[in-house]
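Enquirer: based on what follows, work out the 3D shape:
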Amino acid sequence: MAQPSERKPRTTRRWVLGIFGGIFLLIVFFCSGLNFPVLGPQRSFATAIHDDFRLTLPPSLKVTHAARCASRDPAYFYDCDIAPADIPLFKKQLEDAAQTAGYKLADHDSDTRFSFGPPPPSWYIPGTLTDRQAMVVRIENSSRGTSTGYWFFFSASTGKIYVFWYAT
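Expert: Below you'll find the model as predicted:
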């Protein structure tokens, strides 16, 4: 018959390994800077646009890739395809909704260099878009001391939209 004192080190070791394993996983999934695929990318992007702009996505817009960056401040990258004819209307709707909500809105010319904290996934390449138009929307929540925002990169000739969403 096993003595209780013989089991104690093994049980303690399991608890310690479980705690350190959990801490390690939390660091990997939330602080490592790695990009992880988003489950349900279409729904994720539609929810973000609806929550911040009160808009629905155009029927032709399809999210082909989405990734979440594991960082202290959340960040999402989206790669979208849309009918080229729908881009001007969608961009105008975003601008109008941002102005109505009192968000800070900035247009950047296509030659503006942009940088942001987390490393983007390999498929996130807005610098390669032809006739690229960039739009930056900053959403500040002074009551919570936080801000979120979007970088939109549109290409009307290719029907491509790259979106970077962040929160601080």
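
Enquirer: and the most centrally placed residue in the chain, its phi and psi?
Expert: Residue closest to the average C-alpha location in the chain (CA atoms, centre = their mean): Tyr76, at 1.2 Å. Main-chain dihedrals, Tyr76, degrees, to the nearest 10: phi -130, psi 140.

Enquirer: go on, Val163?
Expert: Torsion angles, degrees, to the nearest 10, at Val163: phi -130, psi 130.

Enquirer: also Lys91?
Expert: phi -60, psi -40.

Enquirer: name the element Thr12 belongs to?
Expert: Element membership for Thr12 (DSSP states H and E) is helix 4-31.

Enquirer: tell me the mean pLDDT over that helix?
Expert: Helix 4-31 carries an average pLDDT of 67.

Enquirer: run through who's touching the helix or strand just after it.
Expert: The helix or strand immediately downstream of helix 4-31 is strand 35-37, counting by DSSP H and E. If you take CB atoms under 8 Å, 6 or more residues apart in numbering as the criterion, strand 35-37 is touched by 29, 66-70, 77, 118-121. All C-beta spots, glycine's among them, are computed from the backbone N, C-alpha and C.
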